[in-house]
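J.: Here you go, sequence then predicted model.
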Amino acid sequence: MNRRTLLALAVGAALLASGCTGSGGSAQGADAEAPDDPSKVDGTITVLTHRTDLVQDGTMKKYAAEFNKTYPKVKVEFDGITDYEGEVKIRMNTENYGDVLMIPAVIEKKDYPRFFASLGSTEERSEKYRFTDYTAVGGKVYGQSPLGAVPGFIYNKKVWSQAGITDWPTTPDEFLAGLKAIKSKTDAVPYYTNFKDGWPLSQWTGVRGSVSCDEQATTRWAEGNPWAEGGELRVADSLLYDIVHEGLVEKDPTTTNWEASKPKLAKGEIATMWLGSWAVIQMQGAAKQAGTDPDDIGFMPFPAQKDGTFCAVTSPDYNQAVNIHSEHKEAARAWIDWFTDKSGYARDNLALSPLKDAPLPDMLKPYEEAGVKLLDLDDSKGAELKTLENQSEVGINKPDYRKELVDMARGARKGDPDDYLDGLGEKWTETQKSLGY
């Protein structure tokens, strides 16, 4: 399942509104220094993780064993949590929320120094790592994602080829034409909405920066109207509406099933889904289980170009942080550094490495060969954007408004799509004015 983006659906309440007040005031500003001598670092640390699958199958234990080859005196224990957002939010009312944890989405960025120890300056860490802006407060970085992803369409290359399409569409109209060709020339469902599960619809917000090819897209959304004519959400949501309205999706979106969709795409029963690079390994795994060729799984960028170039935005998974109350900050910092730099976790998940000098994963080689420009968004306005989303109640990272849009497109509710999208933009800009943005 989608890692960071799916669990970010829990966002919607500010830290104080959630009842998560913590007790980090006295420790605010503490640093977790990188250890100089691994042989002197000791202690038992608890790592909270949402990857319950990797805890249960022993994968995390294997990572810890490798870590111990460098840090033999540190014992690493894992606490896999199914309802990560809900449970960790409650734990953070105390000082007992592990030594290392993924930063819950509910925590406001401005509050990071209350709960987490600094990993160093933004200036220093940004030279080596991607995604530092996402956890930077006051010139210091409070978390680091061990892997990243880019948004895109997961597709079955064999089905698209059978429909006569071998080049990636460069415009929404070309993409629609491709889906129509799939409908007329194959037995596959051209596009699968995953409407019932809901969260895949929120993935469409991942177009931020991809249409404009602008690293300042977050700032543009925070200060402008993404549903204005030519705006990125206007382009994406209009495409989604047209796909459904043209009958290019499953017969009954209310009966979709995320887990069942994986083998269907692998076997060519479904042609396309908008998700992200994180899903490639899951689809390839489904292909192996189904006895089909994992190489049939393709990944293409959003159908938009600027000056003849596709753009795709890199985004972090959960960011790991050191509990500001940890009694073993040095050991906790050692784990984060090792897991980020040395574990191979990103490679094992076919994901984008947070290390700027690392090669692209194999599944992104077609992007490299096609000259797709990868953008690292400036997230300096990320906190304002989150506040704007919460206050406006539009829910760009939730499935609700797109469910209404899909229902409108398939005739399950009345409404005009342009009026509907205009209304979202008005609600957005009115909230901006009330917040003084």
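T.: Cool, the structure landed.
J.: I figured Pro301 hits Val313, correct?
T.: No. Here Pro301 lies out of contact with Val313, judged by C-beta atoms under 8 Å, at a distance of 10.0 Å. C-betas here are computed from N, CA, C, even on glycine.
J.: Find the residues that touch each one of these two.
T.: Listed as contacting both Pro301 and Val313 by C-beta atoms under 8 Å, 6 or more residues apart in numbering are Ser210.
J.: so where do the helices sit in the stretch 201-350 of the chain?
T.: Secondary structure of the stretch 201-350 of the chain (DSSP state H, counting those that start in this stretch): helices at 217-223, 232-245, 258-266, 280-290, 329-341, 345-348.
J.: and the angle from the fourth one to helix 258-266?
T.: Between helix 280-290 and helix 258-266, the angle formed by their directions is 70 degrees, by axes from the mean of the first three to the mean of the last three C-alpha atoms, to 10 degrees.
J.: Ok, the fifth one next?
T.: In this structure, helix 329-341 runs at an angle of 30 degrees to helix 258-266, with the same axes, to 10 degrees as the basis.
J.: Run through who's touching helix 329-341.
T.: 30, 32-35, 38, 41-43, 45, 47, 63, 67, 70-71, 74, 76, 99-100, 117, 119, 129, 144, 146, 320-323, 326, 345, 354-355.
J.: Which ones among those map onto helices?
T.: Per DSSP state H, helices hold the following members of the contacts of helix 329-341: Tyr63, Phe67, Thr70, Tyr345.
J.: Spatially, which two of the residues you listed are the most separated?
T.: Using C-beta to C-beta, the ones in helices among the contacts of helix 329-341 span at most 15.2 Å, a distance reached by Thr70 and Tyr345.
J.: so who does the closest residue to Pro151 other than its chain neighbours touch?
T.: Leaving aside its chain neighbours, Pro151 sits nearest to Gly206 (3.4 Å; criterion: C-beta to C-beta, 6 or more residues apart in numbering). Contact analysis of Gly206 by C-beta under 8 Å, 6+ apart lists Thr5, Pro151, Gly276, Val313, Ser315.
J.: And the pLDDT for Gly206?
T.: Looking at Gly206, its pLDDT stands at 94.
J.: where in this protein is pLDDT low?
T.: 1-29 (pLDDT under 70).
J.: go with 50
T.: 1-19, 21-26 (pLDDT under 50).
J.: what about the residue nearest to Pro190 when sequence neighbours are not counted, is that helix, strand or coil?
T.: Nearest non-adjacent residue to Pro190, counting by C-beta to C-beta, 6+ apart: Leu179, 3.9 Å away. Under the three-state scheme (DSSP: H, G, I helix; E, B strand; the rest coil), Leu179 adopts helix.
J.: what does Asp79 give?
T.: Assigned with three-state DSSP, Asp79 falls in the strand class.
J.: Who are the contact partners of the closest residue to it other than its chain neighbours?
T.: Leaving aside its chain neighbours, Asp79 sits nearest to Leu48 (5.0 Å; criterion: C-beta to C-beta, 6+ apart). Contacts for Leu48 (C-beta under 8 Å, 6+ apart) come out as Asp79, Ile81, Tyr84, Val88, Tyr97, Gly98, Val100, Leu101, Met102.
J.: With respect to His245, which of the contacts of Gly206 is nearest?
T.: His245 lies nearest to Pro151 out of these, by C-beta to C-beta, at 22.4 Å.
J.: residue contacts, that closest one?
T.: So Pro151 contacts Gln203, Gly206, Val207, Ser210, Trp274, Leu275, Gly276, Ser277, Phe302, Ala312, Val313, Ser315 (C-beta under 8 Å, 6+ apart).
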